[in-house]
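# Test case, fold it:
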Amino acid sequence: MNDPPPNVAKKNVVGTVDIGRKKILSEELTIRFDIHQFELLPSKRGLVTRSSNIECHGSSWSLIVCPGGAMESEEDEIHVCLYIKNDAVPKSEGEVEAKYRFRVGSKVSKYSSVRTFTKTSNTWGYLNFLRRSDVLDPSNGFLVNGTLTVEVDLQVYQEKPPTWVPKRTQTTKDIMLRMFHSPKLTDVVFSVAGQKFEAHRIVVSITAPALYDLAEEATGEEE
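Next up is the predicted model:
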């Protein structure tokens, strides 16, 4: 029988070593934006409506909406354009790696691939998220009392903190062994063929009950 190819053969991995600082994906948190009186917002192509900031995952975020579509949106039909913006990175030299997902009523986007929010590129989203006509159609249920609710599920990559491994604590077994081998605080002496052996009564009582009984009898006779 021929040996299986290397990529199929079972690997006997003995361990894994991390080099550098590992990044882990944070838990999913959701930001909600309520856009009131959506139908009355400026709907000329390219006009922008922006929310106030909200904190999430240690950073500041806002929503950018183009009710009548962005200049880059499809021209055959008006689409609502949605972007998530990181307002913290322009004020720093750092960057934020994140994944996001938009939800408007029954319309849910797939999770984005990893996007890097930087000082020069801090806005990501969808040019053609929803047709405006669909948003305004009451039968679709996107508007509730004139309010369009946009939810953004957000995950960011964070550096995994170094793992702290505490020193091994002493077990009862360790303590008993140290006591067994230590001459300190011994309270019984056995004499065998002229050679003396110091011991601890409590250890002898557990490890050699018969010998302990003999020692107790000898002690009683001395008294």
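
# Quick one: residues contacting R103.
R103 makes contact with 109, 150-153 under the criterion C-beta atoms under 8 Å, 6 or more residues apart in numbering. In short, each C-beta sits where N, CA and C put it, glycine included.

# who does it bridge with?
When assigned by DSSP bridges, R103 has beta-bridge partners V108, E151.

# Format the contacts of R103 as TSV; extra columns: neighbour count, pLDDT and distance to F142.
Listed next are the contacts of R103 as TSV, based on neighbours: other C-beta atoms under 10 Å; pLDDT from 0 to 100; distance: C-beta to C-beta, whole Å:
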residue	neighbour count	pLDDT	distance to F142
S109	16	91	14
V150	23	96	10
E151	16	95	13
V152	21	95	16
D153	16	95	18
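
# helices or strands up against whichever strand or helix holds K173?
Applying DSSP states H and E as the criterion places K173 in helix 172-181. Under the contact definition 3 or more C-beta pairs under 8 Å, 6 or more residues apart in numbering; DSSP states H and E, helix 172-181 sits against helix 201-207.

# Tell me how far the helix it packs on lies from the chain's centre.
49 Å (C-alpha atoms, centre = their mean, to the nearest Å).

# Tell me which residues of that helix come out buried.
203-204 (16 or more other C-beta atoms under 10 Å).

# and what of stretch 115-127?
Neighbour-count burial for stretch 115-127, counted by 16+ other C-beta under 10 Å, picks out 115, 117-118, 122, 125-127.

# Which members of these occur in strands, if any?
Among these, DSSP state E puts 115, 117, 125-127 in strands.

# Which pair of those residues spans the longest distance?
Farthest apart among those by C-beta to C-beta are F117 and L127. That separation is 17.7 Å.

# mind checking pLDDT for N53?
pLDDT recorded at N53 is 93.

# Just give me the neighbour total for it.
15 (other C-beta atoms under 10 Å).

# Run the chain-centre distance for stretch 197-211.
Distance of stretch 197-211 from its chain centroid, counting by C-alpha atoms, centre = their mean, is 52 Å.

# gap between the two ends of it?
Using C-alpha to C-alpha, to the nearest Å, one end of stretch 197-211 lies 13 Å from the other.

# Quick check: mean pLDDT of it?
80.

# now swap in stretch 28-39 and tell me
95.

# Could you check it and say which residues are buried?
31, 33, 35, 38.

# can you tell me which of those residues lies nearest to I19?
In terms of C-beta to C-beta, no member of those lies closer to I19 than I31, at 34.6 Å.

# quick one: contacts for the residue nearest the centre of the chain?
The centroid of the chain falls nearest to S26 when counting by C-alpha atoms, centre = their mean (4.1 Å). By C-beta under 8 Å, 6+ apart, the contact list for S26 reads 57, 155-158.

# hang on, L82 packs against N128?
No: taking contacts as C-beta atoms under 8 Å, L82 lies outside contact range of N128: 9.7 Å.

# re the thing from before, okay, the buried residues of stretch 28-39 in JSON lines with distance to E95 and secondary structure next?
Output for the buried residues of stretch 28-39, formatted as JSON lines (distance: C-beta to C-beta, whole Å; DSSP: H, G, I helix; E, B strand; the rest coil):
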{"residue": "I31", "distance to E95": "19", "secondary structure": "strand"}
{"residue": "F33", "distance to E95": "23", "secondary structure": "strand"}
{"residue": "I35", "distance to E95": "28", "secondary structure": "strand"}
{"residue": "F38", "distance to E95": "32", "secondary structure": "helix"}
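
# Dump these to TSV, plus distance to C66.
Below are the buried residues of stretch 28-39 laid out as TSV (distance: C-beta to C-beta, whole Å):
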residue	distance to C66
I31	19
F33	14
I35	12
F38	12
